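**Q** Kindly generate the corresponding structure for this input.
(one chain, ligands or ions: 1)
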Amino acid sequence: MAARRASLTIAAMNTLTSSSATPSDEGASPQLPRIAVLATGGTIAGAAADATNTSGYQAGVVGVDQLLAVVPALSTVARIAPEQIASVDSKDMAMPLWTTLAQRINTLLAEDDVDGVVVTHGTDTLEETAYLLHLTIKSDKPVVLTAAMRPASALSADGPLNLLNAVTVAANAGSRGQGVLVAFNNKIHSARDVVKTSTYAVDAFQSPEIGALGWVQDGRVEFQRSVVRPHTLAAEFVIGANWPHVEVVVSYAGVSRITVDALVAAGVRGIVVAGTGNGSIHASLQQALAYAASQGVAVVRSSRVGSGHVMRNGAAADDALGFISAGSLNPYKARVLLMLALAAGGTGPVALQKTFDTY
Ligand code: SIN
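**A** Numbers count the residues shown, from 1 in each chain. Now for the predicted structure:
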């Protein structure tokens, strides 16, 4: 039923968009920057049975050509080279797709006639993909992710303007060297800092405490701060197909040690714990994690709070327990960094702590 509803809506959208020309190199001035738009799915490419439905829709069913066709203004900003990389609901994002996406972006950006890349993505795991790309893209050309909270079929869909703004940011010379960016709801965020903070609002992304890097509106791009930690060309990580097994566990009232013990028995390489407060951990979970660390599992302490940072040797004796502090990375971004660090041969809490302190 859901699939039938979605295909009806897609047919309706095809009718809606078939009269508009897809923006491409042909419609735009040859002087404009050439931006590759890589579509991966998400709500920005979602369709529902009717225009008032913004929660019961199918993500990732509208193709990249249709997404571009409803934004004719794109041809005044850039020459667009569209590619459909995937059509997934980003809750199902998986590491092989990360490998494909990062490798494709690296290939495109190595070409002289590609000036930047925009990735359309689901909002649910956008912050993880953005940070992964921030650490593995080998170019200082702009890479900008965008998304939408309302499906393409919705009244006041936010995807078209987010897409136009993302291309505007990618085409702007000031975006070069800023690492991977997220353009969403007129704000420009760093991939390192941005997190999804609302399940429904169109202003769904924030960079807690530190704030956005800048803004984009009506073709104007302004940066108000820059990114301090190393990324892209200055990062030591190389995208590959080797993804060490790293999981996230959560500390909460009455938590047992069952999950951690099972992960250790399963041969996990790393565990990120989303602790309470300043990365504090329930005593029973902490015991299990200390055992995990003694077995060579990399244990990273982060916080489930959503902003702030975790102080090394603050709420837990990291030195004695063999733990690593995630600093200001949330648990999901800490997992991305830990996987990359382990894949690069990083080992032991001292070296891994240095990695977390650097990135
Ligand atoms: C997704 O993440 O693919 C679905 C949700 C969204 O994009 O808002």
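**Q** Counting neighbours, which bits of stretch 97-107 end up buried?
**A** By 16 or more other C-beta atoms under 10 Å, the buried positions in stretch 97-107 come out as 97-99, 101-102, 104-106. Yep, even glycine has a C-beta here, placed from its N, CA and C like the rest.
**Q** Repeat that for stretch 208-222.
**A** Neighbour-count burial for stretch 208-222 flags 210, 212-216, 221 (criterion: 16+ other C-beta under 10 Å).
**Q** Would you format those as TSV with pLDDT and distance to Leu289 included?
**A** As requested, those are exported to TSV (pLDDT from 0 to 100; distance: C-beta to C-beta, whole Å):
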residue	pLDDT	distance to Leu289
Ile210	94	28
Ala212	98	34
Leu213	98	35
Gly214	98	39
Trp215	98	41
Val216	99	42
Val221	98	44
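**Q** Out of those residues, which sit inside strands?
**A** Among the buried residues of stretch 208-222, the members falling in strands (DSSP state E) are 214-216, 221.
**Q** Tell me what Gly214 is bridged to.
**A** Per DSSP bridges, residues listed as beta-bridge partners of Gly214: Ile188, Phe223.
**Q** residue contacts, it?
**A** 187-188, 221-225 (C-beta atoms under 8 Å, 6 or more residues apart in numbering).
**Q** try Tyr252
**A** 276, 282.
**Q** so how far is Val273 from it?
**A** 11 Å (C-beta to C-beta, to the nearest Å).
**Q** How about Val238?
**A** On the measure of C-beta to C-beta, Val238 and Val273 end up 27 Å apart.
**Q** Equivalent analysis for Asp357, please.
**A** From Asp357 over to Val273 (counting by C-beta to C-beta), the distance is 18 Å.
**Q** Which residue of those two possesses the greater neighbour count?
**A** Ranked by neighbour count (other C-beta atoms under 10 Å), Asp357 and Val273 place Val273 first, with 33 against 12.
**Q** Check the secondary structure at the more buried one for me.
**A** With DSSP: H, G, I helix; E, B strand; the rest coil as the basis, Val273 sits in strand.
**Q** hey, what's it bridged with?
**A** Beta-bridge pairing of Val273, defined through DSSP bridges, involves Val249, Arg301.
**Q** Name the SS class of the residue nearest to Val216 when sequence neighbours are not counted, please.
**A** Among residues not flanking Val216 along the chain, Asn165 sits closest, at 4.5 Å (C-beta to C-beta, 6 or more residues apart in numbering). Three-state call for Asn165 (three-state DSSP): helix.
**Q** what sits against Asn165?
**A** Neighbouring residues of Asn165 by C-beta under 8 Å, 6+ apart: 146, 183, 186, 216-217.
**Q** Could I get the residues you listed in a markdown table, plus columns for distance to the ligand?
**A** Formatted as a markdown table, the contacts of Asn165 follow (distance: C-beta to the nearest ligand atom, whole Å):
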| residue | distance to the ligand |
| --- | --- |
| Thr146 | 11 |
| Ala183 | 15 |
| Asn186 | 17 |
| Val216 | 20 |
| Gln217 | 22 |
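**Q** where do the strands sit along the stretch 101-250 of the chain?
**A** For the stretch 101-250 of the chain, strands defined by DSSP state E, counting those that start in this stretch occupy the ranges 116-120, 143-146, 180-184, 187-190, 195-196, 205-206, 214-217, 220-223, 246-250.
**Q** who's in contact with the fifth one?
**A** Yep, that's strand 195-196 we're talking about. Here strand 195-196 makes contact (C-beta under 8 Å, 6+ apart) with 123-124, 126-127, 204-208, 306, 330.
**Q** Could you point out which of the strands of the stretch 101-250 of the chain sits nearest Leu132?
**A** Of all the strands of the stretch 101-250 of the chain, it is strand 180-184 that lies closest to Leu132, at 8.7 Å by C-beta to C-beta.
**Q** Could the C-alpha coordinates of the closest one be exported in CSV?
**A** The C-alpha trace of strand 180-184 is given here as CSV (Å, rounded to 0.1, in the frame of the first residue of the first chain):
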residue,chain,number,x,y,z
VAL,A,180,32.7,19.7,4.6
LEU,A,181,29.8,22.0,5.1
VAL,A,182,26.1,21.5,5.8
ALA,A,183,23.7,24.1,4.3
PHE,A,184,20.3,23.8,6.0
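**Q** show me the biggest strand of this protein in terms of residues.
**A** Ranked by number of residues, the top strand in the chain under DSSP E is strand 79-88.
**Q** so, in contact with the ligand or not, it?
**A** No: under the criterion of C-beta under 6 Å from any ligand atom, strand 79-88 makes no contact with the ligand; the nearest approach is 6.8 Å.
**Q** count of neighbours near Leu38?
**A** Counted with other C-beta under 10 Å, Leu38 comes out at 22.
**Q** who's it bridged to?
**A** Following DSSP bridges, Leu38 is listed with bridge partners Glu83, Val119.
**Q** What parts of the protein come near the ligand?
**A** Within the chain, the positions adjacent to the ligand are 41-43, 59, 89-91, 122-124, 147, 149 by C-beta under 6 Å from any ligand atom.
**Q** Report the buried members of these.
**A** The neighbour-count test (16+ other C-beta under 10 Å) marks 41-43, 59, 89-90, 122-124, 147, 149 as buried among those.
**Q** Just give me the closest of those to the ligand.
**A** Nearest to the ligand among those, counting by C-beta to the nearest ligand atom, is Gly122 at 2.0 Å.
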